[in-house]
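Engineer: Okay, sequence plus prediction incoming.
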Amino acid sequence: MAKLNIDLTDIEKQEKEFMRKEEELKNKEKSTAWNIDTLCKEGKSKTIINKVDDKKKELSEDDMIENQKTFTKKYEKEIKKFGFMQKYEDSEKFLKENNYLASEEACNYLVLWCIDLQIEEKTSLMERVSHQTIVLQFILQLAKTLEADPRACVSAFFSRIQTAQKDYMEAFNDELKSFRERIIKRAKEKLDKAMEEHEEEERLKRLGPGGLDPVEVFESLPPELQNCFESKDTSMLQTVLLSLPQEEAQYHLKRCIDSGMWLENAKESEGEAEIYEEVEK
């Protein structure tokens, strides 16, 4: 009986150990869900992952900009074709045939293209291209996680996305939604900035000889003086200026001259000379 009790205790211990190891295996399987061999196996073939080229990580900012320009010039047509695709099957086939598109450069181009489309208020096209942008971003993220070449991760991504795993699809759709919101925000910021720059250019063009903006000066004038300039009534202008305290009249007159609303040599012309002289007395 003593021996049986010992054997039973050992069996119970073994059972607990087995259950513990089984739980560990389950957890390990979940944590390695991104492994390319567990995600994508075609028949009996095994996918071989190429390691990321460390040289690319060492590129300077100028080098990256130059690479982007060269890549865009060479492959812009192919990037746009991919950007317009809607079916995962078509996207996977196209990326496998043109695996150089599984790159940061192609993704960067799509992001900028999305912003331009939104600025042009082509929202439906932006949404289509944004979907393809997130496809590439997920492939690049998978490659980063595995420290692998993104070209080797194309099949892995589409294998998982096409099985429509709930958690994975939710993560994809959440990122797509957030990305579109960021695109809309960025497009608005660029439009606002462009408008501000345009307004500033127009303001600089308007500046008078004294560096003042005639629009701003006009808005700062008393209503009665504004009426004079709007009606272009010289006699009314003389009357209004002379009715003001001399210091105030001189202040407004100088600002009108500096803004170009009143030409300084106008004081030499008939009628206006009299106004200038009267104010200066």
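Structural biologist: Right, received. Where do you want to start?

Engineer: Give me the neighbour count for Glu224.
Structural biologist: Counted by other Cβ atoms under 10 Å, the residues lying close to Glu224 total 14. For the C-beta atoms, the positions are set from N, CA and C on the backbone; glycine is no exception.

Engineer: these two touch, right, it and Leu241?
Structural biologist: No - with contact defined as Cβ atoms under 8 Å, Glu224 does not reach Leu241; the gap is 9.6 Å.

Engineer: show me where the stretch 101-250 of the chain has helices.
Structural biologist: Along the stretch 101-250 of the chain, counting by DSSP state H, counting those that start in this stretch, helices occupy 104-119, 123-146, 154-162, 166-206, 214-220, 223-231, 234-243, 246-258.

Engineer: between these, which one is nearest to Lys69?
Structural biologist: Proximity to Lys69 (Cβ to Cβ) singles out helix 104-119 among the helices of the stretch 101-250 of the chain, at 9.4 Å.

Engineer: ok so, going back, between the helices of the stretch 101-250 of the chain, which gets nearest to Gly83?
Structural biologist: helix 123-146 (4.3 Å).

Engineer: now the angle from that closest one to helix 166-206?
Structural biologist: Between helix 123-146 and helix 166-206, the angle comes out at 120 degrees (axes from the mean of the first three to the mean of the last three Cα atoms, to 10 degrees).

Engineer: how far away is Lys193 from Ile119?
Structural biologist: 11 Å (Cβ to Cβ, to the nearest Å).

Engineer: Would you mark the buried spots in stretch 205-224?
Structural biologist: For stretch 205-224, burial by neighbour count (16 or more other Cβ atoms under 10 Å) applies to 208, 212-214, 217-218, 221.

Engineer: next one: stretch 70-86
Structural biologist: Counting neighbours by 16+ other Cβ under 10 Å, the buried set in stretch 70-86 is 71, 75, 79, 82-83, 85.

Engineer: Would you mind writing the CA trace of it as CSV?
Structural biologist: Provided in CSV are the C-alpha atoms of stretch 70-86 (Å, rounded to 0.1, in the frame of the first residue of the first chain):
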residue,chain,number,x,y,z
THR,A,70,15.3,57.4,-57.2
PHE,A,71,12.8,54.7,-56.2
THR,A,72,9.8,56.9,-57.0
LYS,A,73,11.2,57.9,-60.4
LYS,A,74,11.8,54.2,-61.2
TYR,A,75,8.7,52.5,-59.8
GLU,A,76,6.0,55.2,-59.5
LYS,A,77,3.7,53.5,-62.1
GLU,A,78,3.9,50.2,-60.3
ILE,A,79,3.2,51.8,-56.9
LYS,A,80,0.1,53.5,-58.2
LYS,A,81,-1.1,50.3,-59.7
PHE,A,82,-0.8,48.6,-56.4
GLY,A,83,-2.4,51.5,-54.6
PHE,A,84,-5.6,51.1,-56.7
MET,A,85,-6.0,47.4,-56.0
GLN,A,86,-8.9,46.2,-53.9
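
Engineer: who's in contact with that stretch?
Structural biologist: Applying Cβ atoms under 8 Å, 6 or more residues apart in numbering, the contact partners of stretch 70-86 are 91, 94-95, 98, 100-101, 103, 105-106, 109-110, 113, 128-129, 131-133.

Engineer: likewise stretch 219-230?
Structural biologist: With contact meaning Cβ under 8 Å, 6+ apart, stretch 219-230 is reached by 218, 233, 236-237, 240-241, 244, 252, 255-256, 261.

Engineer: Hmm, Glu66 and Leu59 touching each other?
Structural biologist: No - with contacts counted by Cβ under 8 Å, Leu59 stays clear of Glu66, the gap being 9.2 Å.

Engineer: At the geometric centre of the chain, which residue sits there?
Structural biologist: In the chain, the centroid-proximal residue (Cα atoms, centre = their mean) is Arg186; its distance is 4.5 Å.
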